[in-house]
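[1] structural data only, the sequence is not supplied:
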């Protein structure tokens, strides 16, 4: 009997101990670490991540929106094994984002970090074909119209501007004696190769011949001479030059005052009005621009330029557009400042010409060679500029013109006195990261 009682007591004790023991919680899962993808193509990439202890699988999300407000078809909480997965059937030249969660039979982690990428652009698309309803331009010199220059201009670009050979000091070096040699060569090259021709520039204080600076006649005679010059040039290239920078850089930096050029001294500020009117009289169909620099970075100058434009428009002066000389840097000015400045032209129904685009990669002279990180930063800025322009309303688009073909030919090297790499092609005519960023930006919109 005692043995039976002890057995019953022992069983009861085991029951009490068993019932009092707490269940062990399921092991928690840490969020995975998503890695940069590899194998990026036009329509796929390999998503990668670090293995999570105790994870039995992973749930992969892929979206074209960074906030994952929508998902790529088939890639919402897609269950995958291993530490990578090929994401397929994507659009070319499109930004995508991915994240994932670790999963076991009894637990699921929080989301990983988000990794972003852009699929590759389709092969073989030239810049001019990527542009939507506007020209892609570059500058030329009359002695650079053959060989590799001609090949790239013909294959990638749809418009050209003369770098300096269609300015007054070159075309009209002596009173009563024009020199059309270089200008004719450039205009005929554009015509023969099916390129748009943008005229740059009729009036610029830095390209004024000495005989004009020291003109001995009366102010009335001076004005008549300028009228004859403008009408002679515009009429000569009528039907071959589709647009002109009529006046270039008439507003001072910082103060926003009119530049005290010989044109201002002899004709007053109304010289700008008269130059536009004379150009229109010579060619009723040509597109007429005012062109200047620092419009996006000098608030005082910007305000003065748009005040001048408002006065011209209020007085029915035939100004059609504004040329933005975007001689900028990889880190300045900001996207918001550029967009704000451009929108002021849109608000006034002006055509916008990004007329002189180059982007310094070495503005502070802190590099002796173009590093990968700086090259990619420059690429991003070129992409940004192309995106901004491509997003403009079609009626406000005209052209986006690069100010140079390859790095070693850039005016910036002499102007700033140190090495830089501000263009789309290197010294050997090879496409840089900047080229592909520019192309991606053109194709985004």
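    Right, received. Where do you want to start? If you're wondering where the values come from, they're calculated on a predicted model, not measured in any experiment.
[2] low pLDDT regions in this protein?
    Across the chain, the ranges flagged by pLDDT under 70 are 1-27, 445.
[3] centroid-nearest residue for it?
    When C-alpha atoms, centre = their mean is applied to the chain, the residue found nearest the centroid is residue 385 (1.8 Å).
[4] contact partners for that one?
    Counting by C-beta atoms under 8 Å, 6 or more residues apart in numbering, residue 385 touches 326, 338, 354, 357, 359, 400, 438, 441. For the C-beta atoms, the positions are set from N, CA and C on the backbone; glycine is no exception.
[5] check residue 201 too.
    Contacts of residue 201 by C-beta under 8 Å, 6+ apart are 166-167, 207, 244-248, 291.
[6] which SS class is it?
    Per DSSP: H, G, I helix; E, B strand; the rest coil, the secondary structure class of residue 201 is coil.
[7] again, but for the one 10 residues further on
    Per three-state DSSP, the secondary structure class of residue 211 is helix.
[8] any idea how far residue 298 is from the closest residue to it other than its chain neighbours?
    Using C-beta to C-beta, 6 or more residues apart in numbering and skipping residues adjacent in sequence, the residue nearest residue 211 is residue 175, 5.1 Å away. According to C-beta to C-beta, to the nearest Å, residue 175 stands 36 Å off from residue 298.
[9] comparing the two, which residue is more hemmed in?
    residue 298 (21 against 12; other C-beta atoms under 10 Å).
[10] what's the closest non-adjacent residue to that one?
    residue 253 (5.9 Å).
[11] confirm that that neighbour sits in a helix.
    No. Using three-state DSSP, the secondary structure at residue 253 is coil, not a helix.
[12] show me what contacts it?
    Taking C-beta under 8 Å, 6+ apart, one finds 294, 298, 301 in contact with residue 253.
[13] so the first one makes contact with residue 301?
    I take that to be residue 294. Yes. Under the criterion of C-beta atoms under 8 Å, residue 294 makes contact with residue 301 at 5.6 Å.
[14] quick one, helices of this protein?
    Assigned by DSSP state H, the chain shows helices spanning 2-20, 127-130, 147-156, 168-171, 181-192, 210-213, 219-236, 262-267, 271-282, 299-314, 335-347, 372-390, 412-416, 433-444.
[15] please identify the most buried of those helices.
    For these, the largest average neighbour count (mean count of other C-beta atoms under 10 Å) is found in helix 433-444, namely a mean of 23.
[16] that helix to helix 372-390, inter-axis angle?
    Angle, helix 433-444 to helix 372-390, by axes from the mean of the first three to the mean of the last three C-alpha atoms, to 10 degrees: 30 degrees.
[17] quick one: residues in contact with helix 433-444.
    Contacts of helix 433-444 (C-beta under 8 Å, 6+ apart): 93, 118, 121, 125, 127, 130-132, 136, 359, 375-376, 378-387, 390, 423-425.
[18] distance check, residue 63 against residue 71.
    From residue 63 to residue 71 the distance is 5 Å (C-beta to C-beta).
[19] for those two, indicate the residue with more neighbours.
    It is residue 63, of residue 63 and residue 71, that has more neighbours when counted by other C-beta under 10 Å, with 19 against 15.
[20] hang on, the more buried one packs against residue 73?
    No. In this structure residue 63 lies outside contact range of residue 73 using C-beta under 8 Å: 10.8 Å.
[21] pretty sure residue 394 sits against residue 133.
    Yes. Between residue 394 and residue 133 there is a contact under C-beta under 8 Å: 4.8 Å.
[22] more crowded one of the two?
    residue 133 (11 against 8).
[23] residue 398 is in contact with that one, correct?
    No. Between residue 133 and residue 398 there is no contact under C-beta under 8 Å: 9.8 Å.
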